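In: Whatever this is, show me its structure:
(chains A, B and C)
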Amino acid sequence: MNHWLMKSEPGEFSIDALEAMPERTEHWDGVRNYQARNMMRDQMQLGDRVFFYHSNTEVPGIVGIAEIARTGYPDFLAWEPTDKHYAPKSTPDKPIWYMVDIRFVRRLQRTISLSELKEHADALGDFPLLRRGNRLSVMPVSAAQWDYILGLE
DNA sequence: GCCAACGTTGGC
DNA sequence: GCCAACGTTGGC
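Out: You can find the predicted model right below:
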């Protein structure tokens, strides 16, 4: 089992919005970055756990846990001309962009903020979220990092 | 294949 | 709202 962290702006899609979905499940559409796509398409497995991270908000940080409910499949919104994430080079025959479905597991008892994570940078070791200028919206979390962060809760 | 210009991300 | 950092695009 692998672990992941996925970022979302709560104004776009929040942990509350995920919990409110039917089956508490929603597709993670709109990723238009090749590194993030490759992880979703090739590496995520059913049941993998995901830290749900709120970005671009008052207190950015990890707010909850989700799990992979469906492995990588084409992001059909890429070929919807009216969609915000329309990407005309991607077609049903030759999809470029992929997504997964995630299911709500639970909220954290408190937000583990980015600033708090930074205080533990030494213990966490190499963590993409803490790398300077990092902009990946989907990133791997090692088992040790996962356990350590949950220990902060 | 280089690289400047541009758009986006996301913390602050 | 600002702006640094980064990925992508497109001219050459």
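In: How about the contacts made by the closest residue to DNA strand C within chain A?
Out: Closest contact between chain A and DNA strand C, by C-beta to the nearest atom of the strand, is at A:Gly133 (1.9 Å). From N, CA and C alone the C-beta is placed, and that goes for glycine too. For A:Gly133, no contacting residues are found, by C-beta atoms under 8 Å, 6 or more residues apart in numbering.
In: so it, which of the three states?
Out: Using DSSP: H, G, I helix; E, B strand; the rest coil, the structure places A:Gly133 in coil.
In: pLDDT on the lengthiest helix in chain A, on average?
Out: In chain A, assigned by DSSP state H, the helix with the most residues is helix A:143-152. Per-residue pLDDT over helix A:143-152 has a mean of 96.
In: Same question for stretch A:22-30.
Out: 96.
In: Can you spell out which helices and strands pack onto the longest helix of chain A?
Out: Packing partners of helix A:143-152 (3 or more C-beta pairs under 8 Å, 6 or more residues apart in numbering; DSSP states H and E): strand A:3-8, strand A:49-54, helix A:121-124.
In: residues in chain A within reach of DNA strand C, list them.
Out: A:33-35, A:131-135 (C-beta under 7 Å from any atom of the strand).
In: so can I have JSON lines of the residues you listed showing distance to A:His54 and pLDDT?
Out: Putting the residues of chain A next to DNA strand C into JSON lines (distance: C-beta to C-beta, whole Å; pLDDT from 0 to 100) gives the following:
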{"residue": "A:Asn33", "distance to A:His54": "19", "pLDDT": "93"}
{"residue": "A:Tyr34", "distance to A:His54": "24", "pLDDT": "92"}
{"residue": "A:Gln35", "distance to A:His54": "21", "pLDDT": "93"}
{"residue": "A:Arg131", "distance to A:His54": "19", "pLDDT": "90"}
{"residue": "A:Arg132", "distance to A:His54": "20", "pLDDT": "85"}
{"residue": "A:Gly133", "distance to A:His54": "19", "pLDDT": "84"}
{"residue": "A:Asn134", "distance to A:His54": "16", "pLDDT": "86"}
{"residue": "A:Arg135", "distance to A:His54": "16", "pLDDT": "87"}
